[in-house]
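[1] Sequence and predicted model, in that order:
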Amino acid sequence: MEGVDHLAHERNKSEFDVDAMKIVWAGSPHAFVVSDRISKLVASDPGFRKDNRSTLSRKELFKNTLRKAAYAWKTIIDLHLSEEEAAKLRFYVDEPAFTDVHWGMFIPAIKGQGTEEQQQKWLPLAYKMQIIGCYAQTELGHGSNVQGLETTATFDPQTDEFIIHSPTLTSSKWWPGGLGKVATHAIAYALLIVGGREQGVHGFIVQLRSLEDHSPLPGMTVGDIGMKFGNGAYNAMDNGVLRFDHVRIPRNQMLMRCAQYTCLCMPSDAKLILEPCILIRVSQVTCEGKYKQSDVPRQLVYGAMLYVRQTIVADASCALSRAVCIATRYSAVRRQFGSQNGGPETQVIDYKTQQSRLFPLLASAYAFRFVGEWLKWLYADVTQRLQANDFSTLPEAHACTAGLKSLTTTATADGIEECRKLCGGHGYLCSSGLPELFAVYVPACTYEGENTVLLLQVARFLMKTVSQLGSSKKPVGTIAYMTRVEHLMQCRCGVQRGFAELSADLVEAAVAHCQLLVVSKFIEKLQQEIPGKGVKQQLEVLCNIYALFLLHKHQGDFLSTGCITPKHAALANDELRSLYSQVRPNAIALVDAFNYTDHYLGSILGCYDGNVYPKLYEAAWKDPLNESVVPDGYHQYIRPLLKQEIRTARL
Ligand SMILES: CC(C)(COP(=O)(O)OP(=O)(O)OC[C@H]1O[C@@H](n2cnc3c(N)ncnc32)[C@H](O)[C@@H]1OP(=O)(O)O)[C@@H](O)C(=O)NCCC(=O)NCCSC(=O)CCCC(=O)O
Ligand SMILES: Cc1cc2nc3c(=O)[nH]c(=O)nc-3n(C[C@H](O)[C@H](O)[C@H](O)COP(=O)(O)OP(=O)(O)OC[C@H]3O[C@@H](n4cnc5c(N)ncnc54)[C@H](O)[C@@H]3O)c2cc1C
């Protein structure tokens, strides 16, 4: 029945203060208040309705997304929402759209790589959405290999302009979100050519469409690249294709500063904190056509990616927690087998197999939340260091953002699919929310750096650290533990095979390094003051589950290297079962702590009151196919079949 909490008996089992855990999950009392208020604002506004998405055609879906983006912007203006509140509103609207790239990449790239003058010119326009930007780096022929990009930007000293051109089919920009139909401007990455010499890949601000009638400017061929995976909401995003035919832009539209770390302390909740920027000029082209390369690492040009990868780790904890919330609530509602003397059947959440699949994912959601908080700190720290021209932790920041982005997105994508399977057949219904969540989430394993390519970056960083063992340069920070492998390196010295030959093994080592990072940051979190009855105890259980689950999953490696004995492995498995039993009475409360509205979850299986079956039944009849009792096509195709008239029928 409506209004009855069918999960009340589960909630009454909780052994900790759920409201206190909500604040831990949100990050602070302030963050909780903002999240709670904005999520309810969005959930209560019919203008943000999303339960009909799966019945829309792509063009209807896209136009509805434009309407929602405009409506969200109007809401932000009318309610005078702050940067933080506006970012939360876009988060809870939960609609992949051009605004994601405008706010999440276009603006950070200008902040990170634009000079003071360029920021003063372009940022006010972008903040007021008087221009809409996209991040046009990937091409048809190159995505991972940024140095392989073929678009050219040739400086013309006669006119003090750059000529942007797509010399080959494979140099066509391909994938940038928002590019296909909406963006008026792009940060386009191109190979700079000055005086006939190639000077590497740089970013350029290029206007794509008229601000009067939105038509593509001369020399631009631009459109959408077509339908993407599944029928999910990501098809509301106009990922585009763009070819330049000798398009001229003023010299002052090459992004000529790379102090992006000093400007970007934009934590994942996107509260923009502008740090004073130290002018670190990576490169510039003078009006005489002279190219000046300064001595800062050229990789500062990749700054926007480093920033976005950091936010993707926090996003992973959100996506995984959504799926776990749905699967946990439904596992408590669903009963199957086990009836004793006509009594109720067993809740599937009580089966040890269900717990051994579900609870490590619950622990992972919390683990990724806390490592995401730490990564936000690391990013702010590298920011401060860059202000003093201290690049010492830049390699570590790159390795951590790349590695944790790879680890958490892979685990989250796999975890969402596991949650769908944990819900049985009903998990395959769009009304469960899981198919769309999966379809929208999985590209995170590819965009912002393909996950294996990024793990190779971590492996390169680890091997570089190993090569320095024995020297005066001692490993510190997240690789301090590697001093312990020094003896291994000495006894194995001489056996050197190529990085490429060993790359598959090195990627596994990179994953292990990142998993160690996640566990150690969870442990550090537990060393902090955590208020609320039983809250720290619950987090300790989840931390132990996360760590022991990894040990169990990779026990072959631990055993073969002599790190543990078979007895240790058996003890770990026993302890895991015991820990699952400790989570069981608190499982519903632990997912309630995410504080997701039913609107944001978008799932009948995961609805707060657990009143699943009536909602499933009611939702079925709303499907357009049920608008008529006799289906369209019966008379044309089915009746001839049934009446054996098929031989003569015109199909
Ligand atoms: C794989 C690499 C890193 C290789 O770059 P490379 O110039 O060939 O450099 P290398 O020789 O391998 O390394 C040279 C050196 O540069 C360092 N480095 C590399 N990247 C960074 C960084 N970001 N920050 C700081 N340092 C960086 C590396 O660690 C190397 O250092 P070392 O020489 O070993 O000390 C690069 O090509 C890359 O990042 N590829 C991935 C491209 C990518 O992520 N594209 C994303 C496009 S935008 C997008 O997808 C948006 C998604 C939509 C959305 O988010 O909604
Ligand atoms: C939904 C979505 C949105 C996107 N949005 C944007 C955007 O807004 N702006 C933008 O610029 N781009 C965007 N992209 C593009 C995205 O950044 C690239 O697809 C991504 O960087 C991967 O590059 P790639 O496609 O070239 O993959 P590839 O590198 O071609 O990967 C193919 C395979 O090759 C392997 N591989 C590649 N190099 C190596 C190597 N050196 N060693 C071993 N294996 C290797 C990879 O591991 C992978 O298995 C988007 C992509 C998607 C799917």
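    Nice, thanks for sending it over. Ligands and ions are numbered 1, 2, ... in the order given.
[2] In contact with the closest residue to ligand 1 within the stretch 151-300 of the chain: list those residues for me.
    As assessed by Cβ to the nearest ligand atom, ligand 1 sits closest to residue 299 within the stretch 151-300 of the chain, at 3.4 Å. For every residue, glycine as well, the C-beta is placed using N, CA and C. Contacts for residue 299 (Cβ atoms under 8 Å, 6 or more residues apart in numbering) come out as 394, 398.
[3] Show me which residues of this structure sit near ligand 1.
    100-101, 135, 137-138, 143-147, 177, 299, 302, 305-306, 308, 394-395, 398, 447-449, 453, 457, 460-461, 464 (Cβ under 6 Å from any ligand atom).
[4] From those residues, list the buried ones, please.
    Neighbour-count burial (16 or more other Cβ atoms under 10 Å) applied to the residues of the chain next to ligand 1 gives 100-101, 135, 137-138, 143, 146, 177, 299, 302, 305-306, 308, 394-395, 398, 447-449, 457, 460-461.
[5] In helices, which of those residues appear?
    Among those, DSSP state H puts 100-101, 305-306, 308, 394-395, 398, 457, 460-461 in helices.
[6] can I get these in TSV with distance to residue 588 and pLDDT?
    Below are those laid out as TSV (distance: Cβ to Cβ, whole Å; pLDDT from 0 to 100):
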residue	distance to residue 588	pLDDT
100	32	94
101	36	96
305	38	83
306	38	85
308	34	93
394	43	90
395	43	92
398	40	95
457	40	97
460	44	94
461	41	93
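[7] tell me the two of those residues that are most distant?
    Farthest-apart pair in these is 100 and 460; separation 29.8 Å (Cβ to Cβ).
[8] Would you map the strands across this protein?
    Using DSSP state E, the strands of the chain run over 133-136, 152-156, 161-165, 173-174, 185-194, 197-207, 220-224, 240-244, 247-250, 283-285, 291-293.
[9] quick one, which of those strands is packed in tightest?
    Mean neighbour count (mean count of other Cβ atoms under 10 Å) peaks for strand 133-136 among those, with a mean of 29.
[10] Could you work out which of the strands of the chain reaches nearest to residue 442?
    Across those, closest to residue 442 is strand 173-174 (Cβ to Cβ), at 18.7 Å.
[11] What lies in contact with that closest one?
    136-140, 151, 166, 179, 186, 188, 225, 240-243.
[12] State the mean pLDDT of that strand.
    Throughout strand 173-174, pLDDT has a mean value of 98.
[13] same thing with stretch 463-471?
    pLDDT averaged over stretch 463-471 gives 84.
[14] Kindly export that stretch (C-alpha atoms) in PDB.
    C-alpha atoms of stretch 463-471 as PDB (Å, rounded to 0.1, in the frame of the first residue of the first chain):
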ATOM      1  CA  MET A 463      58.900   1.600 -13.200                       C
ATOM      2  CA  LYS A 464      60.600   5.100 -13.100                       C
ATOM      3  CA  THR A 465      60.400   4.900  -9.300                       C
ATOM      4  CA  VAL A 466      61.900   1.500  -9.300                       C
ATOM      5  CA  SER A 467      64.700   2.600 -11.600                       C
ATOM      6  CA  GLN A 468      65.500   5.300  -9.100                       C
ATOM      7  CA  LEU A 469      65.700   2.900  -6.100                       C
ATOM      8  CA  GLY A 470      69.200   2.800  -4.700                       C
ATOM      9  CA  SER A 471      69.800   6.300  -5.700                       C
END
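[15] Could you give the separation of it from the chain centroid?
    32 Å (Cα atoms, centre = their mean, to the nearest Å).
[16] quick one: which of the ones in helices among the buried ones among the residues of the chain next to ligand 1 is nearest to ligand 2?
    Nearest to ligand 2 among these, with distances taken as Cβ to the nearest ligand atom, is residue 101, at 5.1 Å.
[17] any idea of the pLDDT on the residue nearest to the closest one when sequence neighbours are not counted?
    Spatial nearest neighbour of residue 101, excluding adjacent residues (Cβ to Cβ, 6 or more residues apart in numbering): residue 177 at 4.1 Å. According to the prediction, residue 177 has pLDDT 98.
[18] now swap in residue 260 and tell me
    30.
[19] number of nearby residues for residue 571?
    Around residue 571 there are 13 other residues, counting by other Cβ atoms under 10 Å.
[20] scratch that, residue 466
    Neighbours of residue 466 under the rule other Cβ under 10 Å: 17.
[21] same thing with residue 446?
    Residue 446, neighbours per other Cβ under 10 Å, totals 16.
[22] The residue nearest to residue 101 and ligand 2, how far apart?
    Plainly put, residue 177 is 4 Å away from ligand 2 if you go by Cβ to the nearest ligand atom, to the nearest Å.
[23] Next up, the contacts around that residue.
    96, 98, 100-101, 134-135, 237-240.
[24] Same list (those residues) but as TSV, adding distance to residue 592.
    Listed next are the contacts of residue 177 as TSV, based on distance: Cβ to Cβ, whole Å:
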residue	distance to residue 592
96	27
98	34
100	28
101	33
134	38
135	37
237	31
238	37
239	36
240	40
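[25] Residue 62 touches residue 239, doesn't it?
    No - look at residue 62 against residue 239 with Cβ atoms under 8 Å: they stay out of range, at 11.4 Å.
[26] For ligand 1, see how far away residue 347 is.
    According to Cβ to the nearest ligand atom, residue 347 stands 38 Å off from ligand 1.
[27] Need the per-residue pLDDT for that residue.
    On the pLDDT scale, residue 347 gets 97.
[28] Next: residue 595.
    98.
[29] ok, now which ones touch it?
    Residue 595 is in contact with 22, 25-26, 32, 35-36, 39, counting by Cβ under 8 Å, 6+ apart.
[30] tell me the phi and psi of it?
    The phi and psi torsions at residue 595 (degrees, to the nearest 10) take the values phi 60, psi 40.
[31] From here on, call the first residue 325.
    Renumbered: residue one is now 325, and that last one reads residue 919.
[32] if I look at it, how far off is residue 402?
    From residue 919 across to residue 402, the span is 25 Å (Cβ to Cβ, to the nearest Å).
[33] Residue 901 now?
    Note on residue 901: its distance to residue 402, by Cβ to Cβ, is 54 Å.
[34] if you count what's nearby, which of these two comes out ahead?
    residue 901 (11 against 8).
[35] wait, what's in contact with the more buried one?
    676, 680.
[36] make it 7 Å
    Going by Cβ atoms under 7 Å, 6 or more residues apart in numbering, residue 901 touches residue 676.
[37] now residue 933
    When contacts are counted by Cβ under 7 Å, 6+ apart, residue 933 touches 328-331.
[38] Out of those residues, name the ones that lie in helices.
    Short answer: the contacts of residue 933 have none in helices (DSSP H).
[39] Just among the residues you listed, which is most surrounded?
    Among these, the one with the most neighbours (other Cβ under 10 Å) is residue 331, at 20 neighbours.
[40] from what I can see that residue touches residue 656, true?
    Yes - judged on Cβ atoms under 7 Å, residue 331 makes contact with residue 656 at a distance of 6.0 Å.
[41] So for those two, which residues contact both of them?
    With Cβ under 7 Å, 6+ apart as the test, residue 331 and residue 656 both reach 912, 934.
[42] Please state the backbone phi and psi of the residue nearest to residue 330 when sequence neighbours are not counted?
    Leaving aside its sequence neighbours, residue 330 sits nearest to residue 934 (Cβ to Cβ, 6+ apart; 3.6 Å). Torsion angles at residue 934 (phi, psi; degrees, to the nearest 10) stand at phi 70, psi 10.
[43] Identify the residues contacting residue 934.
    330-331, 653, 656-657.
[44] for the chain, where's the lowest mean pLDDT among helices and strands?
    Ranked by mean pLDDT, DSSP states H and E, the helix or strand of the chain with the weakest confidence is helix 584-587, at a mean of 26.
[45] The biggest helix by length in the chain: how far from the chain's middle?
    In terms of residue count, the longest helix belonging to the chain (DSSP H) is helix 676-711. With Cα atoms, centre = their mean as the basis, helix 676-711 stands 12 Å off its chain's centre.
[46] how much space between the residue of the stretch 425-574 of the chain at minimum distance from ligand 2 and residue 498?
    In the stretch 425-574 of the chain, the residue that lies nearest ligand 2 is residue 467 (2.5 Å; Cβ to the nearest ligand atom). With the distance defined as Cβ to Cβ, residue 467 ends up 8 Å from residue 498.
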